[in-house]
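> Got a predicted structure plus its sequence, pasted below:
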Protein chains: 2
Amino acid sequence: MDTKNLRVNGKRLQQTLEEMAKIGATPGGGVQRLTLTDEDKRARDLFIKWLKELNLEVTVDEMGNIFGKRAGRNNDLAPVLSGSHIDSQPKGGRFDGILGVMGPLEVLRTLHENEIETERPVAIVDWTNEEGSRFAPAMVSSGVWAGALERDWAYDRTDINGLRFEDELIRIGYKGDVPAEKWPIHAYYEYHIEQGPILEREKKIIGAPKGILCLHWYDIYLEGEANQVGPTPMEGRHDALCAAAEMILRVNRLPKKMGGNMVATVGEIQNHPNSRNIIPDKVHFTVDIRSWDDDLALRAWDDLRKDFEELAAGRGCPIRIEETWRVEHSPFNEDLVQRVLDTSAELGYSNLRMVSGAGHDASYMNQIAPTAMIFVPSIDGRSHVEVEKTTWEDCEAGANVLLHCMLKSAQEGG
Amino acid sequence: MDTKNLRVNGKRLQQTLEEMAKIGATPGGGVQRLTLTDEDKRARDLFIKWLKELNLEVTVDEMGNIFGKRAGRNNDLAPVLSGSHIDSQPKGGRFDGILGVMGPLEVLRTLHENEIETERPVAIVDWTNEEGSRFAPAMVSSGVWAGALERDWAYDRTDINGLRFEDELIRIGYKGDVPAEKWPIHAYYEYHIEQGPILEREKKIIGAPKGILCLHWYDIYLEGEANQVGPTPMEGRHDALCAAAEMILRVNRLPKKMGGNMVATVGEIQNHPNSRNIIPDKVHFTVDIRSWDDDLALRAWDDLRKDFEELAAGRGCPIRIEETWRVEHSPFNEDLVQRVLDTSAELGYSNLRMVSGAGHDASYMNQIAPTAMIFVPSIDGRSHVEVEKTTWEDCEAGANVLLHCMLKSAQEGG
């Protein structure tokens, strides 16, 4: 069969996404499906049911990563893989992650019903705990699978209630027997919503990120002196929240100060004892710095760190800094990026070469296999929120691009 | 009996305070005895047991306020009252509040064992929920008793888990039958730790505040736009935490800007969704402004409010402001304040006329009866923390001042 005119079933993709969105649905129209919760388990069960309907070879590895493999003509050749994640942010949206699992599922369904044979095997994957919002850090299971992170270290991550990653994995029945170890991949495509405003602003349907920004995470701990606010004069106070406020504003000004392409954010803060009439004595906050230019991000941190130490000293608030996580910027495989752009054009979709500001499982996959991503627009650039939305037409367009990119890669010989 | 040489039993006062400190004791050496919890109930039960050992007339009113009254020669005369509160801050100290209940208990024990008759009745009180840290606002039950607050409104206050004040009062068995309504008081003395560094700095044992600073509480709610931090450019962000940080620093600079005697503090902040890779979209924080000069505090708030509105507009973050609570500065009865100073001098204790930065039940009592307070030094000015400490010698000194002030007032005719 000539596959040139082959298209996914957009309606079926929509129905599949709607079915999934019921699991962990929030009153605000979003989804809360935190990793390794009962909701995650239900979504996994449904996903596996769908994989089995296509007679795929389903495996669950010891990190809970779920693979479904469709045989090719030559199963000695490395497969083409596509996937993303089923887990969501707290009160997250109905597209982030799941579109990148249901998208390739729709691709495999299209191949299946049209009885398309590929040269190479084609596979789909759901990576455990991409979000990192229950168990930090993010993308932990693709990281272990790619050999960048230690399995046992990942097992020992705990959530806010002290529950261990491994225990929760066992509890929901998804600690598989297969080692979480990479195997050869001919090409990895990850289909995802943009999560930013660029495609919408530029009026493009398909985005092909040339790679992922570097990502640096820091944790800052400040100590002040707790006292009843009324009887404690302003002079001599050691107010940890004031110190944190000064630092938060320095983070916010950092991109402008450093110039170049960079974002810097404080998203999380804990204040202690958090009582309106007690001076705060313990504050923890996070810093997130991202750039295409790793050196710029490091120089920015050096600058910021000096500022932090000065500000802390000025307030008499001892500071402790943890350099929590650092991922270098990650340029994708240029041939695959170009393939995404070319395929979009062939299918008549407007398209744009861009960057990805968010980390994805593609970051780790890019370390071990030719990798590219396919972005579709996020309405108003909103993501990680309940109102996150991408039109069904755009979801279908992205899946068609994925279909033809996967087909092209899957027909390449050894 | 000539009472001139009468003294309290400092050792017994210490033992009583140590006994009480076991209830809700924290590993850090402090006390957590939040109002209307099981710990509060146990402390109340013990207090009532001690009151009954002195054959006092014990009543519990419908706000859970506990009174113990000792008859005088002329029980038609208005009694002299002294008290404070048994409840504590979360991880609070072993002196705040409880010293002002165990202090007059020691006074009554001293009168009892020396068979001292007074002209007027002498009474002791434990006011429910002075701290306001579980159910806001603070000092609610002395406020109801004094007629400044509505009983049913107080009943409907809820804690962070949505539990109602009245329900919790019933649950611990302390919703009494007696109406929470003021009766005539000849003099009200409240004995308390200073909770600030002034007495220690000035090397004085006894402080006599000329009154309590005004207290203005505000609640600020900011809205931003939540988005994934990586793909969202710095321009166009609406970061509610950055807006809050700017405002926190304005609050901190306010006393210097306005001049005059004033403190201003942000003690509490909630950030949403509080995820390190999402731009904060909802921030709530509190503002606490105190001064001896009510007008200055109001002018300061006018100034601050304008700043807040400008800063919010600048960040594109809608702001909502609640003027939660406002108590005017409260000058105590000058005769009683002078009596505290004179009595301290007679007993050989160094002393200081000062102000109280913290609100106390004395604030409401001052609206309906001649009122004064007796302060003793807080080591390092620390309070509302586990390391809160006052020497046993100073505790004893304050109780002796209280004894003789109460005696003087109780011997005054009708």
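That came through fine. Numbers count the residues shown, from 1 in each chain, chains lettered A, B, ... in the order given.

> check which helix or strand covers A:K11.
In this assignment (DSSP states H and E), A:K11 forms part of helix A:10-21.

> next structured bit after that helix?
Heading C-terminal from helix A:10-21, the first helix or strand you meet, by DSSP H and E, is helix A:38-53.

> Which residue, other than its chain neighbours, is closest to the most centrally placed residue in chain A?
With distances taken as Cα atoms, centre = their mean, the residue of chain A nearest its centroid is A:H360 (3.8 Å). Closest residue in space to A:H360, ignoring its immediate chain neighbours: A:E190 at 5.7 Å, by Cβ to Cβ, 6 or more residues apart in numbering or on different chains. To be clear about C-beta, it is placed using only N, CA and C from the backbone, and glycine gets the same treatment.

> Am I right that the one you found is in a strand?
Yes. Counting by DSSP: H, G, I helix; E, B strand; the rest coil, A:E190 falls inside a strand.

> So it sits against A:S82, correct?
Yes. Look at A:E190 against A:S82 with Cβ atoms under 8 Å: they come within range, at 6.7 Å.

> For these two, work out which one has more neighbours and name it.
A:E190 (32 against 27; other Cβ atoms under 10 Å in any protein chain shown).

> and the more buried one, what is it in contact with?
The neighbours of A:E190, taking Cβ atoms under 8 Å, 6 or more residues apart in numbering or on different chains as the test, are A:S82, A:G83, A:S84, A:G100, A:H360, A:D361, A:A362, A:M365, A:T371, A:A372, A:M373, A:I374.

> which among those gets closest to chain B?
A:H360 (9.7 Å; Cβ to the nearest Cβ).

> The closest one and A:E131 touch, don't they?
No. Contact criterion Cβ under 8 Å: A:H360 and A:E131 do not qualify, at 10.9 Å.

> The helix ranked longest in chain A: which residues count as buried?
Counting by DSSP state H, the longest helix found in chain A is helix A:294-315. By 16 or more other Cβ atoms under 10 Å in any protein chain shown, the buried positions in helix A:294-315 come out as A:D294, A:L296, A:A297, A:A300, A:W301, A:L304, A:R305, A:D307, A:F308, A:L311, A:A312, A:R315.

> mind putting those in a markdown table, distance to chain B and pLDDT included?
Output for the buried residues of helix A:294-315, formatted as a markdown table (distance: Cβ to the nearest Cβ, whole Å; pLDDT from 0 to 100):
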| residue | distance to chain B | pLDDT |
| --- | --- | --- |
| A:D294 | 15 | 95 |
| A:L296 | 14 | 97 |
| A:A297 | 12 | 97 |
| A:A300 | 13 | 98 |
| A:W301 | 15 | 98 |
| A:L304 | 15 | 98 |
| A:R305 | 18 | 98 |
| A:D307 | 14 | 98 |
| A:F308 | 14 | 98 |
| A:L311 | 11 | 98 |
| A:A312 | 15 | 98 |
| A:R315 | 10 | 98 |
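
> that older thread, ok, now how distant is the residue nearest to A:H360 from B:S84?
Distance of A:E190 to B:S84, given as Cβ to Cβ, to the nearest Å: 64 Å.

> same check, this time on A:L336
Taking Cβ to Cβ, one finds A:L336 at 73 Å from B:S84.

> Repeat that for A:M63.
Taking Cβ to Cβ as the measure, A:M63 falls 58 Å from B:S84.

> Stretch A:264-278 vs chain B: in contact?
Yes. Against chain B, stretch A:264-278 shows contacts by Cβ under 8 Å from any Cβ of the partner chain at A:264-269, A:271, A:273-278.

> Who wins on neighbours among those?
Result: A:T265 is most packed of these (other Cβ under 10 Å), 30 neighbours.

> Below-threshold pLDDT in the stretch 151-300 of chain A: ranges please.
Of all residues in the stretch 151-300 of chain A, none has pLDDT under 70.

> which residues of it fall in strands?
A:187-193, A:206-212, A:214-223, A:262-265, A:269-272, A:282-291 (DSSP state E, counting those that start in this stretch).

> and B:R109, which of those is closest to it?
strand A:269-272 (38.6 Å; Cβ to Cβ).

> where does the residue of chain A most remote from its centre fall, phi/psi-wise?
Using Cα atoms, centre = their mean, the residue of chain A lying farthest from its centre is A:P231. It sits 48.2 Å away. Main-chain dihedrals, A:P231, degrees, to the nearest 10: phi -80, psi 0.

> was I right about it contacting B:H384?
No. Taking contacts as Cβ under 8 Å, A:P231 lies outside contact range of B:H384: 10.1 Å.

> still on that earlier bit, who has more neighbours, A:L336 and B:S84?
Neighbour totals were compared for A:L336 and B:S84, and B:S84 leads with 29 against 22 (other Cβ under 10 Å).

> residue contacts, that one?
Neighbouring residues of B:S84 by Cβ under 8 Å, 6+ apart: B:97-101, B:103, B:126-127, B:130, B:190-192, B:360-361.

> try 10 Å
Residues counted as contacts of B:S84 (Cβ atoms under 10 Å, 6 or more residues apart in numbering or on different chains) are B:96-104, B:124-127, B:130, B:142, B:189-193, B:360-362, B:373.

> And for A:D87?
A:D87 neighbours (Cβ under 10 Å, 6+ apart): A:24, A:31, A:33-37, A:39-40, A:43-44, A:96-98, A:126-135, A:138, A:141.

> overlap between those residues and the residues near chain B?
A:D96, A:E131, A:G132, A:S133, A:A138 (Cβ under 10 Å from any Cβ of the partner chain).

> Tell me which residue in the stretch 51-200 of chain A sits closest to chain B.
For the stretch 51-200 of chain A, Cβ to the nearest Cβ, closest residue to chain B: A:G196, 2.8 Å.

> for the residue lying closest to A:L298 once chain neighbours are set aside, which residues make a bridge with it?
Among residues not flanking A:L298 along the chain, A:H216 sits closest, at 7.7 Å (Cβ to Cβ, 6+ apart). Per DSSP bridges, the residues bridged to A:H216 are A:I289, A:R326.

> Tell me who's in contact with A:H216.
Counting by Cβ under 10 Å, 6+ apart, the residues that A:H216 touches are A:264, A:287-291, A:294, A:297-298, A:300-301, A:323-328.

> what's the neighbour count on the closest residue to A:V107 other than its chain neighbours?
Excluding the flanking residues, the one nearest A:V107 by Cβ to Cβ, 6+ apart is A:L403, at 4.7 Å. Using other Cβ under 10 Å, A:L403 has 25 neighbouring residues.

> Pretty sure A:I23 sits against A:A43.
Yes. A:I23 is within contact range of A:A43, at 4.6 Å (criterion: Cβ atoms under 10 Å).

> anything in contact with each of those two?
Joint contacts of A:I23 and A:A43 (Cβ under 10 Å, 6+ apart) are A:V31, A:R33, A:I86, A:S88, A:I98.

> May I ask which two of those residues are separated the most?
A:V31 and A:I86 (10.0 Å).

> Overlap of the contact sets of these two?
A:M20, A:I23, A:G24, A:E39, A:A43, A:G97, A:I98.
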